[in-house]
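**Student:** Have a look at this fold, sequence not included:
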């Protein structure tokens, strides 16, 4: 298996534009997590899904952020409109089962909003 | 919100020495995990310890868990240059399915 795949690896966009980040979890994994990493705030959990259903989105910072998981092999995180303070590295992780197993991380998407 | 808090924030040691990092957390847990992150990369799982375990070993890694103090430690013995990375603890906060990370310890192994 190729592991968790995220795209794009880097994204530079202008303030106000819509940004869509993509994640393909490991086949057979049934939980998916989106995290945001910054120097100031560390690694923050934004939202997680079990069996494609959003379970907890309390970490989503604002209504500008939305996430979907239309099927077991694909998830998106959308920011609209983007702002400079959204600049961060966004990680997707998947696990088989629930939180008592290891999480496999993608390589992340480095987002820069100018 | 952060569940785990690593200590120290940064650590520099000579190659060959042992490195110890600590993690404190706030709520009851089912398990605690340690991850490593090399610069510019995703996190990689190192070891998982369950709440009914007190100590676990994996190669040069030794993890302890004290649920009464809500704390864990990660010991890396005989450190190598390749161990230079950030290390994070992660817990299933409030025993639900969320995996919450601390801010990490930046470890630098000096040649």
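**Tutor:** Arrived safely. Treat the numbers as computed from the prediction; the structure is a model and nothing was measured.
**Student:** contacts and neighbour counts: CA atoms only from here.
**Tutor:** Will do.
**Student:** In stretch A:78-87, which of the residues would be classed as buried?
**Tutor:** A:78, A:79, A:82, A:83, A:86, A:87 (16 or more other Cα atoms under 10 Å in any protein chain shown).
**Student:** So which of those residues is the closest to chain B?
**Tutor:** residue A:87 (14.8 Å; Cα to the nearest Cα).
**Student:** That closest one against residue A:113, yeah?
**Tutor:** Yes: using Cα atoms under 8 Å, residue A:87 is in contact with residue A:113, at 5.5 Å.
**Student:** In chain B, what residue spans correspond to strands?
**Tutor:** Using DSSP state E, the strands of chain B run over residues B:4-7, B:10-14, B:19-25, B:31-37, B:43-50, B:55-58, B:61-66, B:71-76, B:85-91, B:100-101, B:105-110.
**Student:** where are the low-confidence patches of chain B?
**Tutor:** B:1-3, B:93-96 (pLDDT under 70).
**Student:** Spell out which residues of it are next to chain A.
**Tutor:** B:1-2, B:30-31, B:33, B:40-45, B:48, B:92, B:96-104 (Cα under 8 Å from any Cα of the partner chain).
**Student:** filter the residues you listed to the buried ones?
**Tutor:** B:2, B:30-31, B:33, B:42-45, B:48, B:92, B:97-104.
**Student:** What sits closest to the residue nearest to the spatial centre of chain A if chain neighbours are left out?
**Tutor:** The structure's chain A has its C-alpha centroid closest to residue A:34; by Cα atoms, centre = their mean the separation is 3.3 Å. Excluding the flanking residues, the one nearest residue A:34 by Cα to Cα, 6 or more residues apart in numbering or on different chains is residue A:92, at 4.6 Å.
**Student:** Could you do residue B:111 as well?
**Tutor:** Excluding the flanking residues, the one nearest residue B:111 by Cα to Cα, 6+ apart is residue B:15, at 5.5 Å.
**Student:** Contact partners for residue A:49?
**Tutor:** Going by Cα atoms under 8 Å, 6 or more residues apart in numbering or on different chains, residue A:49 touches A:31, A:32, A:33, A:55, A:56, A:69.
**Student:** at 10 Å instead, please
**Tutor:** Contact analysis of residue A:49 by Cα atoms under 10 Å, 6 or more residues apart in numbering or on different chains lists A:30-34, A:55-57, A:67-69, A:72, A:75, A:94, B:97-98.
**Student:** Show me the beta-bridge partners of it.
**Tutor:** Assessed by DSSP bridges, residue A:49 has beta-bridge partners residue A:32, residue A:54.
**Student:** Check residue A:75 too.
**Tutor:** According to DSSP bridges, beta-bridge pairing links residue A:75 with residue A:23.
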